[in-house]
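Colleague: Show me the folded form of this:
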Amino acid sequence: MHTLSTQVAGYIEHSSWIRRMFEAGMVLKKKYGQENVYDFSLGNPDLAPPAIVGQALHQIADTATNAFAFGYMPNAGYLDTRKVLAAYLAKEQETPALGPEHLVLTCGAAGGLNGLFRAVLDPGDEVVCPAPYFVEYGFYVENHGGKLCPVPSHPGSYELDLAGIAAALTAKTRVVLINSPNNPTGQVYSGQELEQLGQLLERHSKKTGRPVYLVSDEPYRFLVYDGVQVPPVLPLYAHSVVIGSFSKSLSLAGERVGYVAVNPAMPDCATLLGGLVLTNRILGFVNAPAIGQRLLGAALGHGVDLSVYERRRAAMAAVLDAAEISYVMPKGAFYFFPQVPGTSTDDTAFVKALMDQQVLAVPGSGFGCPGGFRLALCVPEDVILRSGDAFKRAVSAFLA
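Modeller: Purely as a prediction, here's the structure:
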């Protein structure tokens, strides 16, 4: 009996490594005790939201006195929230013309990406993205009949391989999708890289007579280190779109509130926005959660304590150095993407060696980049420091 579609059955068989490791962690914690398991598998923010979120919740509860307090609103979201967000993004993206009419509020960045792909992809269209990449991208693209076409980033730096991206572009390319700061590497693409990418897509779009959208997925824009700046994308290319969420910056992952911002300079941007409003509805999202929108309107400009992540990054670097595991220091986000020790590139085998020492990581294969593994810094600093001996034992066992 075929209960599931062939596609979904295949997805389950080759399900997300992130979730598989998370579930393995639950088993280990039952066996050894939670304090004896070092779980770096899931990027689930563990910091408390800023105080203003709690204050805003109280205010929402006190003022929710009519039947329509949490009722339907325009599919693009509350206008007052979009006005506040548009003013914020206009500065962040250095695009003064960006207004509320250029925004659609979505059920997280994931809802925004799915809404965009539904609006612009025809069956067989291609989405090019640098690898490593967030593992769900492939599912999101295939949800709407597209094909994900990863292009490996430069090894050793994870900078964009612009020549590789150029070679991957075809008449079927509809979107180039970037994620900066990147999950899983923590790389932040430079302004020069992005400017060259925009010029490359401009030439390709003119050649094919069909625009390629440059989509920048930016849920980690708020979290960078050492004074690094995340360059704005909108001024660099007319057919650009920025997608983001507040799951990490406000610790509202479960509230599911994000946005799609369309470049005002895009020819016929109103048509794309109309499509996004429609897809937001017909995909079943209807609108971003009402409470999440109200919280965003109140808390925008606030954020979690970034110094906590800075200390965790330093602690993890010390642990990896002591275990003689090589890595590129992340410029942003809350992940490390180290390399498998020794000459092997068998990331699943090394992740198994880590698991034998009660350390949970995610193989790089799950991010389209075998030979590395991801560590999420969503655990207290003392957990990172206490994991040091376990990392050393795993390396010794793996290299034996």
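Colleague: for the stretch 151-300 of the chain, what spans make up the helices?
Modeller: With DSSP state H, counting those that start in this stretch applied, the stretch 151-300 of the chain shows helices at 162-168, 191-208, 269-282, 290-299, listed in chain order.
Colleague: Which one, of those, ends up nearest to residue 347?
Modeller: Nearest to residue 347 among the helices of the stretch 151-300 of the chain is helix 162-168; the distance by CB to CB comes to 21.3 Å. In this view, the C-beta of every residue, glycine as well, is placed from N, C-alpha and C.
Colleague: thinking again about what came up before, tell me which of the helices of the stretch 151-300 of the chain lies nearest to residue 36.
Modeller: Comparing those against residue 36 with CB to CB, the closest turns out to be helix 290-299 (35.9 Å).
Colleague: Check which helices and strands that closest one is in contact with.
Modeller: Using 3 or more CB pairs under 8 Å, 6 or more residues apart in numbering; DSSP states H and E as the contact criterion, the secondary-structure elements in contact with helix 290-299 are helix 51-63, helix 79-92.
Colleague: List the buried residues for the longest one?
Modeller: Along helix 79-92, the positions that meet the burial threshold by neighbour count (16 or more other CB atoms under 10 Å) are 81-82, 84-86, 89-90, 92.
Colleague: now do stretch 28-37
Modeller: By neighbour count, and taking 16+ other CB under 10 Å as the criterion, the buried residues in stretch 28-37 are 28-29, 37.
Colleague: How far does it stretch from one end to the other?
Modeller: The first and final residues of stretch 28-37 sit 7 Å from each other (CA to CA, to the nearest Å).
Colleague: List the contacts of it.
Modeller: With CB atoms under 8 Å, 6 or more residues apart in numbering as the contact definition, stretch 28-37 has outside contacts at 25, 39, 355, 358, 360.
Colleague: dump the residue contacts of residue 214.
Modeller: With CB under 8 Å, 6+ apart, residue 214 has these contacts: 175-176, 178, 197-198, 201, 233, 236-237, 239-241.
Colleague: how much space is there between the residue lying closest to it once chain neighbours are set aside and residue 89?
Modeller: Among residues not flanking residue 214 along the chain, residue 240 sits closest, at 4.5 Å (CB to CB, 6 or more residues apart in numbering). Between residue 240 and residue 89 the distance is 13 Å, computed by CB to CB, to the nearest Å.
Colleague: ditto for residue 151
Modeller: If you measure residue 151 against residue 89 using CB to CB, the figure is 28 Å.
Colleague: again, but for residue 343
Modeller: The value you get for residue 343 to residue 89, if CB to CB is used, is 46 Å.
Colleague: again with residue 313
Modeller: Between residue 313 and residue 89 the distance is 27 Å, computed by CB to CB.
Colleague: got it, and residue 233?
Modeller: Spatial separation of residue 233 from residue 89 under the definition CB to CB is 11 Å.
Colleague: Between those two, which contacts overlap?
Modeller: Any residue near both residue 233 and residue 89 by CB under 8 Å, 6+ apart counts here, and that gives residue 242.
Colleague: one step back: could you dump the buried residues of stretch 28-37 into CSV and include pLDDT and secondary structure?
Modeller: Formatted as CSV, the buried residues of stretch 28-37 follow (pLDDT from 0 to 100; DSSP: H, G, I helix; E, B strand; the rest coil):
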residue, pLDDT, secondary structure
28, 82, helix
29, 81, helix
37, 88, coil
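Colleague: what residue ranges in the stretch 151-300 of the chain score low on pLDDT?
Modeller: Within the stretch 151-300 of the chain, the set of residues satisfying pLDDT under 70 is empty.
Colleague: My guess is residue 39 contacts residue 362. True?
Modeller: No: Residue 39 lies out of contact with residue 362 (CB atoms under 8 Å); the separation is 10.8 Å.
Colleague: ok, those two, which is more surrounded?
Modeller: In terms of neighbours (other CB atoms under 10 Å), residue 362 is the more surrounded of residue 39 and residue 362; the figures are 29 against 23.
Colleague: and the gap between that one and residue 323?
Modeller: Going from residue 362 to residue 323 by CB to CB gives 17 Å.
Colleague: Adding distance to residue 192 and mean pLDDT, write the helices and strands packed on helix 290-299 out as CSV.
Modeller: Conversion of those to CSV gives the following (distance: least, CB to CB, whole Å; pLDDT from 0 to 100):
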stretch, distance to residue 192, mean pLDDT
helix 51-63, 37, 89
helix 79-92, 19, 97
